[in-house]
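Asks: pasted the sequence and its predicted model underneath.
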Amino acid sequence: MPAPDRYAVIGHPIAHSRSPQIHALFARQTHQHLVYDAIDVAPQELAPRLREFFAGGGRGLNVTVPHKEAVIACCSSLSARVRTAGAANTIVREPTGELRADNTDGAGLVRDLTHNLRIAVAARRVLLLGAGGAARGVLAPLLELKPRELVIANRNVERAQTLASAFAALGAVRASGFAQLDGMHFDLIVNATAASLQAEVPPLPPGVLGAGTVCYDLFYAGNATRFTHWALQHGAAQAHMGLGMLVEQAAESFYLWRGVRPDTAPVLAALAAQQAYQ
Ligand SMILES: NC(=O)c1ccc[n+]([C@@H]2O[C@H](COP(=O)([O-])OP(=O)(O)OC[C@H]3O[C@@H](n4cnc5c(N)ncnc54)[C@H](OP(=O)(O)O)[C@@H]3O)[C@@H](O)[C@H]2O)c1
């Protein structure tokens, strides 16, 4: 039997990553002969460690914090999704040896929202919290779903304005500070800030939540994040965490590498069952 094809996720830190488990489940399900590791790569080592991985026969990488922007300079071709988002989470080694950067984060969020959770975005009022790399990556795919309007709120309003201007051609998008949201209501609120990482909730006026509001935190943790807990306490209809997005972006990367689309439902169910006990 030939040696398995090698894949990995690189980040710093990386020990917490669920990606090796997700890709092992995908490989077993689809009968693909591969191994997938988690490799801790410090920022100053990025370029040499990438060269080493691919020179050693590596076929593809996932890329996470803090390398999603820096890794672009190491690749010779960029997908349209990377050019729009300014960040990459997947590297594909082409048969020619060329490295192609792609970004599956936005597709993962949209698939989880619309397919797994059956949440409508078209003609709805959407609030996107945060203006960092994750917000940038999900903006275009969200705007493609044609919300009635999309407001980006960030502590640093200038960053939100820069994003809103950059994506203005794709739909009805504008920027706001948190305090200026008072008196407004939204159908869907997506938390793409890093606040949950610090066990904080973005400073949202509770009035933004109506009886039908759905909240989605890109972050995920045991039973709830601070944001999903806050949302349900203040009357949101539903509050979801980003585990589904993680599994869906992984499936999209797997498809780019292997040409096979795994069934995400059993994998998501297995992870969610474990998560409930953490
Ligand atoms: N589920 C998934 O598959 C998935 C994929 C990608 C990312 N994520 C998650 O998305 C989150 C954001 O990641 P990122 O890469 O975009 O980070 P980032 O580039 O560092 O951006 C951080 C953003 O969060 C804001 N922020 C930080 N602390 C805050 C607080 N206490 N209150 C309000 N806003 C705060 C920042 O606002 P300022 O500009 O004002 O500082 C900025 O907009 C992380 O939790 C990450 O785990 C999940």
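Replies: Done, it's in. Residues are numbered from 1 along each chain as shown.

Asks: number of nearby residues for Pro43?
Replies: Residues lying near Pro43 (other C-beta atoms under 10 Å) number 9. The C-beta positions use only the backbone N, C-alpha and C, and glycine is treated the same way.

Asks: across the sheet, point out what pairs with the closest residue to Arg59 other than its chain neighbours.
Replies: Once flanking residues are discounted, Arg59 sits nearest to Asp5: 4.7 Å by C-beta to C-beta, 6 or more residues apart in numbering. Beta-bridge partners of Asp5, counted by DSSP bridges, are Leu34.

Asks: okay, Asp5 and Arg93: tell me how far apart.
Replies: 10 Å (C-beta to C-beta, to the nearest Å).

Asks: between those two, which contacts overlap?
Replies: Contact criterion C-beta atoms under 8 Å, 6 or more residues apart in numbering; residues shared by Asp5 and Arg93: Arg59.

Asks: contacting residues around whatever residue of the stretch 51-200 of the chain ends up closest to the ligand?
Replies: Nearest to the ligand in the stretch 51-200 of the chain, going by C-beta to the nearest ligand atom, is Gly132, at a distance of 1.9 Å. The contact partners of Gly132, by C-beta under 8 Å, 6+ apart, come to 159, 192-194.

Asks: any chance of these in JSON lines, with distance to the ligand, pLDDT and secondary structure too?
Replies: Listed next are those as JSON lines, based on distance: C-beta to the nearest ligand atom, whole Å; pLDDT from 0 to 100; DSSP: H, G, I helix; E, B strand; the rest coil:
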{"residue": "Arg159", "distance to the ligand": "5", "pLDDT": "97", "secondary structure": "helix"}
{"residue": "Ala192", "distance to the ligand": "5", "pLDDT": "97", "secondary structure": "coil"}
{"residue": "Thr193", "distance to the ligand": "3", "pLDDT": "96", "secondary structure": "coil"}
{"residue": "Ala194", "distance to the ligand": "4", "pLDDT": "91", "secondary structure": "coil"}
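
Asks: follow-up on the earlier one: can you get me a residue count around the residue nearest to Arg59?
Replies: Other residues close to Asp5 by other C-beta under 10 Å number 18.

Asks: that one touches Gly56, doesn't it?
Replies: No. Counting by C-beta atoms under 8 Å, Asp5 sits too far from Gly56 to count as a contact (12.0 Å).

Asks: who wins for most neighbours among the contacts of Gly132?
Replies: Ala192 (28 neighbours).

Asks: that one is in contact with Ala135, isn't it?
Replies: Yes. Ala192 lies in contact with Ala135 (C-beta under 8 Å); the separation is 4.1 Å.

Asks: quick check: neighbours shared by these two?
Replies: 128-129.

Asks: what's near enough to touch Pro205?
Replies: Each residue near Pro205 by C-beta under 8 Å, 6+ apart is listed here: 178-179, 181-183.

Asks: looking at those residues, spot the one nearest Gly242.
Replies: Phe178 (20.8 Å; C-beta to C-beta).

Asks: residues in the chain within reach of the ligand, list them.
Replies: Counting by C-beta under 6 Å from any ligand atom, the chain comes close to the ligand at 65, 105, 108, 130-135, 154-156, 159, 192-198, 200, 202, 218-219, 242, 245-246, 249.

Asks: can you flag the buried ones in these?
Replies: 105, 108, 130-135, 154, 159, 192-196, 202, 218-219, 242, 245-246, 249 (16 or more other C-beta atoms under 10 Å).

Asks: Tyr36 contacts Arg18, correct?
Replies: No. The pair Tyr36 / Arg18 is not scored as a contact, 11.4 Å apart, by C-beta under 8 Å.

Asks: between the two, who's got more neighbours?
Replies: A side-by-side neighbour count of Tyr36 and Arg18, using other C-beta under 10 Å, places Tyr36 first with 24 against 17.

Asks: thinking again about what came up before, state the pLDDT value of the residue of the stretch 51-200 of the chain closest to the ligand.
Replies: According to the prediction, Gly132 has pLDDT 89.
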